[in-house]
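Student: Could you look at this predicted model? Sequence included:
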Amino acid sequence: MSDLNEILLEEEAAADCGCDEKSTFVPDADAVIVGTNLTKRFGGMTAVDCVDFELREGEILGLIGPNGAGKSTLFNLVSGFLPIDVGTITFNGVKISGLNPDRICHLGLGRTFQAAKNFPDMNIFDNIRIGALFGIKGKSYEQADIETEEIIKFVGLEKYLKMAVPDLPLAIQKQLEVARALATKPTVIMLDELMAGLNPAEVDEAMALVRKIRSGGITVLMIEHVMKAIMAICDRIIVLHHGRLIAEGTPDEIANNPEVIEIYLGGEA
Amino acid sequence: MTLFISILINGCVLGSVYALVAMGLNTQYGVARILNIAHGEFIILAAFITLDLVTKNHTAPFVGFAVAIPVVFVISFALHRTLYKRVKDISANDGAFEGNAILAAFGIYFIVQNLMQTHWGSATAAYQFMPYSVKIGPADISAGNLVVLLIAVLICIAYNLFLSQTRLGKAIRAAAQDPAAAAMLGVRINTIMALCFAIGGVLAACAGVLISMKEPFTSISGLGYTTIAIIIVVLGGLGSVKGAILGGFILGYVGFAVSVYDSGFMLSVFYLIVLVLLIVRPKGLMGR
């Protein structure tokens, strides 16, 4: 009887989120983040609509889609900034939907924001040290300072240390945000439009940085509009359109997917 | 010359207490985003606690710190964890929360003020603290006021060291500048918000003990201090601790100078300063 009730409740939830049928999504064995049936509404607008997705260990996964497709909303759901209406998210098998962002950070998930959110009244070192101090509980000052120095070298921020944070060029602001997220020692990092607004040389640098992060054993999920970068560095790409996941595959598969071509080129393909 | 020295030192005394009052409100509004209309009530609560200790228990007024600080800390922390958390949960967004929090704070203002009136009555309360004066040059300055100045300055310095040197202080500064980013770096933002509200209360309690040492007060004096704190926060710049200290001393000097002629003009002159400032530099003296 209780089984029947559960099935009924699940069907009700699926109907409630407007999904055609209950999710039959089976994630890969090496998935670190799994989102099932994710739905988020703002008033009458459904920003994320019954999305199933997975992030596999060690990969660089690109999340693309036109403006307003729900990419940043999906990031906010995963990192705990927005409550989910329907669905669940797990991180290394632990359910993280419903947890606060600081708890999710402590579990090993770092992120950056579309518009860099560095602390303007702190210098570069202190900005990064906040991540080193609070990302993992009970770390000593000495240890945090050593790790901050390491990350400054890793990202390549040495020559900007004396500059005030609001005066930094855009590319460096974005690198600082990545550095700060890395200081929390994440196993997964989510990058929200790291390359938007950068010139071609800076895009190349940013691509090299993402590759370097993955080589260091960190799984990457990135929102990006710069197609050249996405196609070159991603192992897999997922495509959102009007809140729905419409395609998933390797860069080649995505580049040749008629539906993706249609939404990007406006129906002429 | 006598008048000048008197304004210089007494303005400093008044300014140091104002700075404490404003730092408290600034911590509550700048980090926890609660414009705490009841701030002054906790100042007066601490003043009454000290008055009882001095007049009934015959202790030194300094004991007031040991009693008032924990009392106000616990009340403020509990208020944030219950009332303001609930207000936050039911507010649609951050802007709505700020508006609703002011309304909730008004409720606390009436409750605390009425409880104080019931318990301590409406009469003016005061006790004598070091009732003799010290000669500084040609001017006679109250010894009690000099002690008040010394303690207030020490608290200001200690609070700044706390913010710049301790782990919790760094978390508070990060949360003040960008709460979302701080949370994503592992700062436990809900706890920090509640602590900031409670620390703001502690600064109010410190100011209350000092105010009881230097001047008479009543159970309805609180709103006057809240008003001055709001003016100083606007003057110094929202979220800026240094701005609160600078603004506090400016109002202290101006306030004392004006009160030499007629203390009734004090608030009008304060508002005039803010009015001019809002036109010339709307972000405040040290605001971003």
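Tutor: Received, thanks. Values in this document were obtained by computation on a predicted structure and should not be read as measured data. Numbers count the residues shown, from 1 in each chain, chains lettered A, B, ... in the order given.
Student: Any residues of the stretch 101-250 of chain A in contact with chain B? List them.
Tutor: Those residues of the stretch 101-250 of chain A that sit near chain B, judged by Cβ under 8 Å from any Cβ of the partner chain, are A:101-102, A:105-106, A:110-111, A:113, A:117-122, A:126, A:129-131, A:133-137, A:141, A:180-181, A:183-184. Using the backbone N, CA and C atoms, a C-beta is placed for each residue, glycine as well.
Student: which of the residues you listed are buried?
Tutor: Burial by neighbour count, judged by 16 or more other Cβ atoms under 10 Å in any protein chain shown, picks out A:101-102, A:105-106, A:110-111, A:113, A:117-119, A:121-122, A:126, A:129-131, A:133-136, A:180-181, A:183-184 from those.
Student: Which of the residues of the stretch 101-250 of chain A next to chain B fall in strands?
Tutor: A:110-111 (DSSP state E).
Student: any chance you could map the helices in the chain?
Tutor: Let's take chain A. Remark: helices assigned in chain A by DSSP state H are A:2-16, A:71-78, A:101-106, A:124-134, A:141-155, A:170-183, A:200-215, A:227-233, A:251-255, A:258-265.
Student: The chain in question should be chain B.
Tutor: All helices of chain B, identified by DSSP H, fall at B:2-30, B:39-55, B:63-79, B:85-90, B:94-120, B:143-165, B:167-177, B:179-184, B:189-214, B:222-236, B:241-262, B:266-280.
Student: With mean pLDDT and distance to A:F42 added, can I get those helices in CSV?
Tutor: Shown next, in CSV, are the helices of chain B (pLDDT from 0 to 100; distance: least, Cβ to Cβ, whole Å):
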stretch, mean pLDDT, distance to A:F42
helix B:2-30, 93, 28
helix B:39-55, 97, 35
helix B:63-79, 97, 31
helix B:85-90, 93, 17
helix B:94-120, 96, 15
helix B:143-165, 95, 37
helix B:167-177, 94, 26
helix B:179-184, 94, 18
helix B:189-214, 96, 22
helix B:222-236, 94, 33
helix B:241-262, 92, 36
helix B:266-280, 90, 35
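Student: Got the phi and psi for the residue in chain B sticking out farthest from the centre?
Tutor: Centroid-distance maximum for chain B: B:P138 at 32.2 Å, with Cα atoms, centre = their mean. Phi and psi for B:P138, reported as degrees, to the nearest 10, are phi -90, psi -10.
Student: if I pick it, what's in contact with it?
Tutor: Taking Cβ atoms under 8 Å, 6 or more residues apart in numbering or on different chains, we find B:P138 in contact with B:1-2, B:5.
Student: From those, pick the one nearest B:D89.
Tutor: Of all the contacts of B:P138, B:D89 sits closest to B:I5, with 54.4 Å by Cβ to Cβ.
Student: Could you give the number of residues near the residue lying closest to the closest one once chain neighbours are set aside?
Tutor: In this structure, B:I5 finds its nearest non-sequential neighbour in B:A139, 4.1 Å apart by Cβ to Cβ, 6 or more residues apart in numbering or on different chains. Using other Cβ atoms under 10 Å in any protein chain shown, B:A139 is surrounded by 18 other residues.
Student: now A:Q175: how far from A:L209?
Tutor: Shown here: A:Q175 relative to A:L209, a distance of 7 Å by Cβ to Cβ, to the nearest Å.
Student: Who has more neighbours out of those two?
Tutor: A:Q175 (24 against 20).
Student: which residues sit in contact with the spatially closest residue to the more buried one that is not a sequence neighbour?
Tutor: Distances taken as Cβ to Cβ, 6+ apart put A:V155 closest to A:Q175, at 5.3 Å, once the chain neighbours are dropped. The contact partners of A:V155, by Cβ under 8 Å, 6+ apart, come to A:175-176, A:178-179, A:182, A:209.
Student: neighbours of B:S268, just the number please.
Tutor: So B:S268, with other Cβ under 10 Å, has 10 neighbours.
Student: Ok, B:V87 next?
Tutor: If you count neighbours by other Cβ under 10 Å, B:V87 ends up with 19.
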